[in-house]
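Trainee: Any chance you could fold what I've pasted below:
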Amino acid sequence: MLKNGVNYFTEELHLTVPEQEMFDERTNTFFTFKEATIRVKHSLISVSKWEAKYKKQFLDGRTKKTPEETKDYIRFMTITQNVDPMFYELLTTKHYKMVNDYISESMTGTKFSEQEGKGRSYLKPISAEEIYFWMTEYNIPPEYAKWHLSRLLTLVRVCGIKKSPKKGRGKQPDYRAINNARRKKHHSRG
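Mentor: I've put the predicted structure just below:
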């Protein structure tokens with residue numbers, strides 16, 4: 001069951017490049033690139049591979065990625081085995097939009113109130129290692145690194161909220177003891 005190329009059962013995006021007639025300049029011959037579909041997944045694993053290559057944070061919305069960096073991220077997200085390298089060269093603007101829309105998907109029904117998570121900036125750039133740290137901190141199993149990244153980050157945020165001390169009015173005074181002390185002091189019953 002696909003909707004806009006996304007399989008919500010597996011949290012994967014399917015990208016299809018149609019059959020195309022191509023020209024090989026090295027051999028001066030035409031050839032046919034047969035239609036191909038690949039499966040990709042936006043996960044902590046793909047982010048960590050990309051960060052290892054580019055030595056910068058993937059989750060930094062302030063920095064625009066180059067076309068080559070974006071194409072590499074699609075390669076790192078690819079689950080399909082033995083993909084013809086030509087496939088990535090044939091991706092269109094439509095494919096890149098599909099990938100960006102898929103990455104932006106929340107993949108969860110969890111909603112946060114204004115108060116939850118206040119004081120912590122979820123917009124600041126974070127690295128894959130920080131997310132792995134949170135996973136160990138909250139005892140999140142390592143296989144969750146394969147989840148769609150937005151779902152994993154939502155789980156991390158839920159863990160942070162649930163494990164943080166409850167905000168309340170603080171320790172309340174013992175009004176009964178205060179009243180009893182006043183009654184005793186003023187020799188009163190009321």
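
Trainee: so where is the protein shaky, pLDDT-wise?
Mentor: 1, 114-123, 167-172, 190 (pLDDT under 70).

Trainee: pull the longest helix from it.
Mentor: Assignment by DSSP state H gives helix 149-163 as the longest helix of the chain.

Trainee: now for it, which elements pack on it?
Mentor: helix 44-54, helix 128-137 (3 or more CB pairs under 8 Å, 6 or more residues apart in numbering; DSSP states H and E). For glycine as for every other residue, the C-beta is placed from the backbone atoms N, C-alpha and C.

Trainee: Those: which one's closest to Leu91?
Mentor: Set against Leu91 and scored by CB to CB, the helices and strands packed on helix 149-163 come closest in helix 44-54, at 16.1 Å.

Trainee: At which residues are the strands of the chain located?
Mentor: For the chain, applying DSSP state E gives strands covering 2-3, 6-7, 12-17, 20-24, 29-33, 36-40.

Trainee: Can you tell me the closest non-neighbouring residue to Ile140?
Mentor: Once flanking residues are discounted, Ile140 sits nearest to Leu155: 6.4 Å by CB to CB, 6 or more residues apart in numbering.

Trainee: how near is the one you found to Tyr144?
Mentor: Leu155 is 7 Å from Tyr144, where distance means CB to CB, to the nearest Å.

Trainee: So for those two, which sits in the more crowded spot?
Mentor: A direct count of neighbours by other CB atoms under 10 Å for Leu155 and Tyr144 places Leu155 higher, at 18 against 14.

Trainee: contacting residues around stretch 80-91?
Mentor: 15, 17, 20, 22, 33, 36-40, 71, 74-75 (CB atoms under 8 Å, 6 or more residues apart in numbering).

Trainee: Distance of Arg189 relative to Arg176?
Mentor: Computed as CB to CB, the Arg189 to Arg176 distance reads 15 Å.
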